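> could you work out the structure for the sequence below:
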Amino acid sequence: MADKSIITDSEYNQLKAVNKINLRQRLISYKRKPLSLVMLILVAIAAALSATALIFIIAYVLIKGIPNLTPDLFAWTYNSDNVSCMPAIINTVVLTVLTLVISIPFGVGAAIYLAEYAKKGSRIVRLIRTMAETLAGIPSIVYGLFGMLFFVYSLNWSNSLLAGAFTLAIMILPTIMRTTEEALLTVPDSYREGSFGLGAGKLRTILRIILPSAMPGILAGVILAVGRIVGETAALIYTYGSATGYAVSPFCSGRSLAVHKYVLANEGLHTNEAWGTAVVLLVLVFAINTLSAVIAKKLGSKKG
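Take a look at the predicted model:
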């Protein structure tokens, strides 16, 4: 309802009357179609339960973890006394950036081919989409076993940053590809026709018109991918390893923040520090998602 301080009394009363009429119409509609009212109640209950579960999980992690956030937990050097998560934080950021550098060009390129170049409705396009959706649902431990057999053993990379990044790149590639393709398909054909009418070629139209228009949707897929990278454990244990230091080169082993938390909790000796690490992981994911959302919003406002 509009703010009464910025409209006249008559306009405010008119808005109240319109709202009452709309509410009366909804009630009449629900009486005629009671199933709609039942579905509305079920959807409202599901939304309330989902929000309650999310709030409970976040509150529980914060209550258990915040008291265990100590300066020792953020020491630059890890040892058995402080079990610092700082090396894991740096390793996670580097791993995320490297994985995105590997996966985004392939994912966006494949999406551009499917949306702009491939024949609409062809069997190859349908097959690629089906396989991408299937790969997106495969458990992460399967990717970890593949990465261990191929990157670690066959290519002799051992447990390393590079093996972990390539494994995660393969894992998030279907997500980036499908979300980017859907974003490209939502761009109106009038944009393409107008660009072609002005004499621009296919590639120039894609790079200068289509991709900027679809950028918010592309970044939404990247946000989902980042969340999966930061929170991944199973695939990284087999490929990245669990070394406690910094991964100073692509062929050095290390541990991500999620793996660090898993190891601390699994050992049972540093449970309090594991809860503190969970808070750091939560804040890191929230910060990355917020930054990505801000970038997407700015790109969307520039497009508008």
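> from now on I want contacts and neighbour counts done on CA atoms only, so please keep to that.
Noted.
> now do the SS call for residue 250.
Recorded secondary structure, residue 250: coil (DSSP: H, G, I helix; E, B strand; the rest coil).
> ok, the one 3 residues further on next?
Each residue gets one of three states, and residue 253 gets coil by three-state DSSP.
> ok, it - contacts?
159, 160, 161, 240, 241, 242, 243, 247 (CA atoms under 8 Å, 6 or more residues apart in numbering).
> repeat that for residue 197.
Per CA under 8 Å, 6+ apart, neighbours of residue 197: none.
> can you tell me how far it is from residue 210?
15 Å (CA to CA, to the nearest Å).
> now residue 205, nearest residue through space, not along the chain?
Leaving out its chain neighbours, the residue that sits closest to residue 205 by CA to CA, 6 or more residues apart in numbering is residue 195, at 6.1 Å.
> any low-confidence regions in this protein?
1-34, 36, 296, 299-304 (pLDDT under 70).
> so which residue is dead centre in it?
With distances taken as CA atoms, centre = their mean, the residue of the chain nearest its centroid is residue 224 (1.4 Å).
> for that residue, give me its contacts.
residue 175 are the contacts of residue 224 under CA under 8 Å, 6+ apart.
> okay, and it sits in which element?
helix 211-230 (DSSP states H and E).
> can you show me the CA trace of that helix as CSV?
Extracted in CSV, the C-alpha atoms of helix 211-230 (Å, rounded to 0.1, in the frame of the first residue of the first chain):
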residue,chain,number,x,y,z
LEU,A,211,26.2,-11.2,-24.4
PRO,A,212,25.9,-7.8,-22.6
SER,A,213,22.1,-8.2,-22.7
ALA,A,214,22.3,-11.7,-21.2
MET,A,215,25.1,-10.9,-18.7
PRO,A,216,22.8,-10.9,-15.6
GLY,A,217,21.6,-14.4,-16.4
ILE,A,218,25.2,-15.5,-17.1
LEU,A,219,26.4,-14.2,-13.8
ALA,A,220,23.5,-16.0,-12.0
GLY,A,221,24.9,-19.2,-13.3
VAL,A,222,28.4,-18.2,-12.2
ILE,A,223,27.1,-17.5,-8.7
LEU,A,224,25.6,-21.0,-8.5
ALA,A,225,29.0,-22.4,-9.7
VAL,A,226,30.9,-20.4,-7.2
GLY,A,227,28.7,-21.7,-4.4
ARG,A,228,29.4,-25.2,-5.4
ILE,A,229,33.1,-24.6,-5.7
VAL,A,230,33.4,-23.1,-2.3
